[in-house]
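Participant: heads up, no residue letters with this:
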């Protein structure tokens with residue numbers, strides 16, 4: 001039996017993680033902590049766990065891992081002692097509030113030598129796995145431009161009006177809608193294309209429903225490999241049918257309404273006219289991969305350094321939007 005602790009239950013994905021934990025016969029959540037005791041009690045009841053203080057979690061050798069679903073501005077104060085206590089860590093995205101705290105956490109996790117994972121689930125989707133494979137084989141030729149979009153209508157529908165209100169407060173979350181959803185698209189772009197030279201963006205409030213919180217944005221990224229990418233993210237979109245576009249001198253791909261269209265001079269039958277069906281199997285959700293890793297399986301995980309770099313690039317995107325300049329991300 002693998003004993004875990006839930007450290008913070010504030011994130012909107014917490015109910016999903018509780019359900020996933022409840023379905024894993026080999027996993028037991030022993031403890032729950034949250035600075036909001038009532039919220040901790042609600043989560044603990046669902047998990048048949050005990051509400052305790054943080055010191056009880058750090059000192060209990062039976063607890064091998066913690067799942068951090070607190071508000072983003074509390075991550076560092078939870079991750080550093082967890083790493084010092086040699087607890088394996090799942091930390092909900094983004095890892096940090098900004099680049100500086102994200103890199104401090106990444107170094108602490110690396111020095112502790114513990115397992116780490118964060119919630120970048122899109123890497124396991126068949127279309128993204130296929131694109132990474134084709135890019136690695138050079139089937140797009142010289143890559144010229146890439147686009148990724150991750151949008152929903154959360155602001156229009158009031159998803160953050162009540163229980164999850166902190167996620168629409170950049171002073172607590174570290175970002176607004178563009179950073180919240182855009183970090184998933186950013187992860188895919190960086191996973192596919194590598195490091196960036198500089199970035200800029202246009203990020204804005206649309207409805208004003210959440211004071212001081214951006215609701216939509218477009219990022220522009222220059223990659224060291226020569227490609228230029230755009231990133232769309234926001235909470236004010238009624239639909240988001242065109243998720244991905246990859247264009248090169250010898251290939252092209254796009255995903256529309258969940259269907260991948262692929263054209264390449266190097267792949268037989270890839271004429272781009274009909275949906276491409278020969279896709280890899282989906283991988284489990286990022287959270288499931290973390291639980292699999294705890295159970296001893298060799299599975300792909302996001303590294304602490306990758307997670308911190310995504311914080312750094314997102315911070316640069318916000319800086320670019322504020323200044324109207326191209327910004328190189330801080331690598332600390």
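Facilitator: Great, that's in hand. Computed from a predicted model, the values in this text were never measured in an experiment.

Participant: Quick check: closest non-adjacent residue to the spatially most central residue of the chain.
Facilitator: Residue closest to the mean C-alpha point of the chain, counted by Cα atoms, centre = their mean, is residue 120 at 3.6 Å. With sequence-adjacent residues excluded and distances taken as Cβ to Cβ, 6 or more residues apart in numbering, residue 120 is closest to residue 187, at 4.3 Å. C-beta coordinates here come from the backbone N, C-alpha and C atoms, glycine included.

Participant: State the distance from the residue nearest to the centre of the chain to residue 321.
Facilitator: Distance from residue 120 to residue 321, counting by Cβ to Cβ, to the nearest Å: 22 Å.

Participant: ok, now residue 37?
Facilitator: 38 Å.

Participant: cool, and residue 227?
Facilitator: According to Cβ to Cβ, residue 227 and residue 321 sit 21 Å apart.

Participant: Just the pLDDT for the residue nearest to residue 13 when sequence neighbours are not counted.
Facilitator: Take residue 13 and drop its neighbours on the chain: the residue closest to it by Cβ to Cβ, 6+ apart is residue 92, 6.2 Å away. Per-residue confidence at residue 92 stands at 98 (pLDDT).

Participant: that older thread, the residue nearest to the centre of the chain and residue 302 touch, don't they?
Facilitator: Yes. Under the criterion of Cβ atoms under 8 Å, residue 120 makes contact with residue 302 at 5.4 Å.

Participant: And the strands in the stretch 201-332 of the chain?
Facilitator: Along the stretch 201-332 of the chain, the segments classed as strands by DSSP state E, counting those that start in this stretch run 216-223, 228-234, 242-248, 251-256, 259-264.

Participant: Give me whichever of those is most buried.
Facilitator: With neighbours taken as mean count of other Cβ atoms under 10 Å, the strands of the stretch 201-332 of the chain reach their highest mean count in strand 228-234, at a mean of 23.

Participant: next one: that strand to chain centre, how far?
Facilitator: Distance of strand 228-234 from the chain centroid (Cα atoms, centre = their mean, to the nearest Å) equals 15 Å.

Participant: what does it contact?
Facilitator: Defining contact as Cβ atoms under 8 Å, 6 or more residues apart in numbering, one finds that strand 228-234 is touched by 144-151, 155, 177-182, 184-186, 189, 193, 201, 206, 215-223, 317.

Participant: Now the buried members of these.
Facilitator: Neighbour counting by 16 or more other Cβ atoms under 10 Å classes 146-151, 155, 177-182, 184-186, 189, 193, 201, 215-223, 317 among the contacts of strand 228-234 as buried.

Participant: Inside helices: which ones of those residues?
Facilitator: Those of the buried ones among the contacts of strand 228-234 mapping onto helices are 177, 178, 179, 180, 181, 182, 184, 185, 186, 189, 193, 317, per DSSP state H.
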